[in-house]
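Novice: Have a look at this prediction, sequence included:
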Amino acid sequence: MSRVNIETRLAPAASQALLAQIDQAFGATPNMFKAVANSPAALQSMWAAFGALGKGTLGARLGEQIAVAIANRNRCEYCLAAHTVLGQKAGASSAEMSAAQVGRSDDARTAAALAFALKVVEQRAQVSDADVASLREAGFGDEQIVEIMAHVALNLFTNYINVALDVPVDFPKVALK
């Protein structure tokens, strides 16, 4: 049971237009957005971040792989379930999403991004020059490095919302590893 309201009809009027956009984008309104809709400012921030990163240079597939790795690390069952589905829609196989969940990939570039993202989470951004150099060696430039950080930040936000507020999972469940 969610610790905050997840009834869209009870959400503030200022959240209703964004909830309609989200409903149209997903074909339904996921519970996470219903919970966040209690704050129009938080909903606007989250939705804008998803939109901006969706137009980024990393691509949806890598973004979703980063999301499942962070969700698994933070034990966020909601985000793990949602981003597994979204990753498969972005072209990743179920095996690729399962590997990403534990920070692995057969693709060296993806593996470098996942390792970096998880290190940022685990060490609260206290990464070294060598950590950033490993991203550069894998082919990432400044734009992509900053974008990885943005994905980390957005996923921490969504993980914390879902875990702290006990948002019910409304995607096919995926087991934490």
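Specialist: Noted; the coordinates are in hand. Residues are numbered from 1 along each chain as shown.

Novice: residue contacts, Leu58?
Specialist: Ile66, Ala113, Gln144, Glu147, Ile148, His151 (Cβ atoms under 8 Å, 6 or more residues apart in numbering). From N, CA and C alone the C-beta is placed, and that goes for glycine too.

Novice: let's see 6 Å
Specialist: Leu58 sits next to Gln144, Glu147 when contact means Cβ atoms under 6 Å, 6 or more residues apart in numbering.

Novice: quick one, domains of this protein?
Specialist: 12-54, 60-164 (automatic domain parsing).

Novice: can you give me how far the longest one is from the chain middle?
Specialist: What it means is domain 60-164. Computed by Cα atoms, centre = their mean, to the nearest Å, the chain-centroid distance of domain 60-164 equals 8 Å.

Novice: Ends of it, what's the gap?
Specialist: 26 Å (Cα to Cα, to the nearest Å).

Novice: Give the rounded mean pLDDT of it.
Specialist: The average pLDDT for domain 60-164 rounds to 98.

Novice: Could you dump the domains of the chain into a markdown table and include mean neighbour count and distance to Asp170?
Specialist: Compiled in a markdown table, the domains of the chain are given as follows (neighbours: other Cβ atoms under 10 Å; distance: least, Cβ to Cβ, whole Å):
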| stretch | mean neighbour count | distance to Asp170 |
| --- | --- | --- |
| domain 12-54 | 17 | 5 |
| domain 60-164 | 19 | 8 |
